[in-house]
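Peer 1: heads up, no residue letters with this:
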Ligand code: F0G
């Protein structure tokens, strides 16, 4: 039975037998081959989606939160606090509820998806909406934790990234090394070999820049321990209206439909730049239009529902492919993993707003058949 990321990766995490493990059995999320997406877009790659929306609270934040809350409990903390664009607050509230801790969350008023707000509220967090953005909320929670005995559980808490790096471990375990158990009938390699293997490229959305930092650490640790023999190029994508790292300066008023990554001054800025540089990857941006296009394609072609911000990873692949990144790639085709950071149900309103609205008819067979195009 899967017991969550702390039990699965204990040897790689800063825990002892004294650490009380607070878990919702997070992790072990699907690595979904995206064949139809590759075909539709003529992408000369083997693309996999690491579907982190399948974590207990619907986002990758649960990996870091199980560790941050377990360590807070070990240190006899009574309360935790975070600033959030939504997912961190949902996860912090859920794990705090489980641990019996109080939680306080600061969110930008009107700029978080309803599902995330609902989660923070139902799990009993004290939710404070500020008339400001995430960056301002983060400054406030830092100040509060300097003055009061409350544990900060944003990703500047080192345990958060330690937990999040485990997604990289799972990916290496899910991929099959070239030449091992290759399925001749498929352009794709089968999942789950005995020999671990890193992807050639790893694409993910960048907001506060913690996750790209954590993944790079995870890949490096598996490399150093001899579990994998290559490292991926780390490809981070910010939303164009909230792309401080790409622009090289803070963005005072970040603006994007991808509210989860609406951040103008990322906490892990330097570490994210290092991850991209050291891995020979890059940090780039995608427009809101590109994000929405990828969001709809992932859902329509693969049956995978992610939140808009998550689709920045796939939008990044599409943009990079158009710019020739995979041209002349070696055979077998490059293995590319995209992290889909959060579940689409977090922001159902956004999805509904992007679709053709359902038609309402009287409850009789003739009217229904007409709408289905089956009428005479
Ligand atoms: N995708 C989603 C769905 C997110 O919620 C976040 C961050 C990111 C991507 C970016 O990850 O910050 O590690 O670069 N959400 C934070 C929050 C900021 O408060 O929930 P990052």
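Peer 2: Looks like it arrived, so ask away. Keep in mind that this is a model prediction, so the values were computed, not measured.

Peer 1: what does the stretch 251-376 of the chain put close to the ligand?
Peer 2: 260-261, 307, 309-310, 341-342 (CB under 6 Å from any ligand atom). From N, CA and C alone the C-beta is placed, and that goes for glycine too.

Peer 1: Can you lay out those as CSV showing distance to residue 251 and secondary structure?
Peer 2: Shown next, in CSV, are these (distance: CB to CB, whole Å; DSSP: H, G, I helix; E, B strand; the rest coil):
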residue, distance to residue 251, secondary structure
260, 16, helix
261, 12, helix
307, 21, coil
309, 16, helix
310, 21, helix
341, 20, coil
342, 22, strand
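
Peer 1: For the stretch 151-300 of the chain, which segments count as strands?
Peer 2: In the stretch 151-300 of the chain, the strands defined using DSSP state E, counting those that start in this stretch lie at 151-152, 201-205, 233-239, 282-286.

Peer 1: Compare the residues of the stretch 251-376 of the chain next to the ligand and tell me which has the most neighbours.
Peer 2: Within those, neighbour counts (other CB atoms under 10 Å) peak at residue 310, which reaches 34 neighbours.

Peer 1: any idea of the pLDDT on the closest residue to residue 287 other than its chain neighbours?
Peer 2: In this structure, residue 287 finds its nearest non-sequential neighbour in residue 240, 4.6 Å apart by CB to CB, 6 or more residues apart in numbering. Note on residue 240: pLDDT of 98.

Peer 1: Residue 240 and the ligand, how far apart?
Peer 2: Distance of residue 240 to the ligand, given as CB to the nearest ligand atom, to the nearest Å: 15 Å.

Peer 1: does that residue really touch residue 256, like I thought?
Peer 2: Yes: here residue 240 lies in contact with residue 256, judged by CB atoms under 8 Å, at a distance of 7.2 Å.

Peer 1: hey, what's residue 49 bridged with?
Peer 2: Beta-bridge partners recorded for residue 49 (DSSP bridges): residue 32, residue 338.

Peer 1: Report the contact partners of it.
Peer 2: Counting by CB atoms under 8 Å, 6 or more residues apart in numbering, residue 49 touches 30-34, 298, 302, 304, 314, 337-338, 340.

Peer 1: Can you tell me which of those residues is closest to the ligand?
Peer 2: Using CB to the nearest ligand atom, the shortest approach to the ligand within these belongs to residue 340, at 8.5 Å.

Peer 1: just to revisit the earlier point, compile the strands of the stretch 151-300 of the chain into TSV and extend it with columns for mean neighbour count.
Peer 2: Output for the strands of the stretch 151-300 of the chain, formatted as TSV (neighbours: other CB atoms under 10 Å):
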stretch	mean neighbour count
strand 151-152	22
strand 201-205	28
strand 233-239	28
strand 282-286	22
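
Peer 1: Could you check how far the most centrally placed residue in the chain is from residue 154?
Peer 2: With the centre of the chain defined as its mean C-alpha position, the nearest residue by CA atoms, centre = their mean is residue 341, 2.0 Å away. Residue 341 is 16 Å from residue 154, where distance means CB to CB, to the nearest Å.

Peer 1: Equivalent analysis for residue 372, please.
Peer 2: Residue 372 sits at a distance of 49 Å from residue 154 (criterion: CB to CB).

Peer 1: interface residues of the stretch 1-150 of the chain facing the ligand?
Peer 2: Contact residues, the stretch 1-150 of the chain versus the ligand (CB under 6 Å from any ligand atom): 59, 61, 84-88.

Peer 1: now those residues: which count as buried?
Peer 2: 59, 61, 84-88 (16 or more other CB atoms under 10 Å).

Peer 1: what are the ranges of the helices in the stretch 101-250 of the chain?
Peer 2: Here the stretch 101-250 of the chain has its helices, by DSSP state H, counting those that start in this stretch, at 114-122, 134-147, 158-164, 166-174, 210-224, 244-247.

Peer 1: between residue 240 and residue 256, who's got more neighbours?
Peer 2: Neighbour count, other CB under 10 Å: between residue 240 and residue 256, residue 256 has more, with 25 against 20.

Peer 1: Quick one: residues contacting that one.
Peer 2: Counting by CB under 8 Å, 6+ apart, residue 256 makes contact with 239-242, 262, 288, 291.

Peer 1: which one of the residues you listed is nearest residue 4?
Peer 2: Distance to residue 4 across these (CB to CB) is lowest for residue 262, with 29.8 Å.

Peer 1: What residues does residue 159 make contact with?
Peer 2: 14, 64, 67-68, 70-71.

Peer 1: Now, those that are in helices?
Peer 2: Counting by DSSP state H, the contacts of residue 159 place 64, 67-68, 70-71 in helices.

Peer 1: Counting neighbours, which of those comes out on top?
Peer 2: Counting by other CB under 10 Å, residue 67 has the largest number of neighbours within the ones in helices among the contacts of residue 159, with 34 neighbours.

Peer 1: Near residue 42, how many other residues are there?
Peer 2: Using other CB under 10 Å, residue 42 has 7 other residues around it.

Peer 1: Which of the three states applies to it?
Peer 2: Following DSSP: H, G, I helix; E, B strand; the rest coil, the label given to residue 42 is coil.

Peer 1: gap between it and residue 303?
Peer 2: 20 Å.

Peer 1: Common neighbours of residue 240 and residue 256, please.
Peer 2: Both residue 240 and residue 256 are contacted by residue 288, under the criterion CB under 8 Å, 6+ apart.

Peer 1: ok so, going back, would you turn the strands of the stretch 151-300 of the chain into TSV with distance to residue 112?
Peer 2: Listed next are those as TSV, based on distance: least, CB to CB, whole Å:
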stretch	distance to residue 112
strand 151-152	19
strand 201-205	16
strand 233-239	15
strand 282-286	21
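
Peer 1: thinking again about what came up before, can you say which two of the contacts of residue 49 are spatially most distant?
Peer 2: The two members of the contacts of residue 49 with the most space between them (CB to CB) are 30 and 314, at 15.4 Å.
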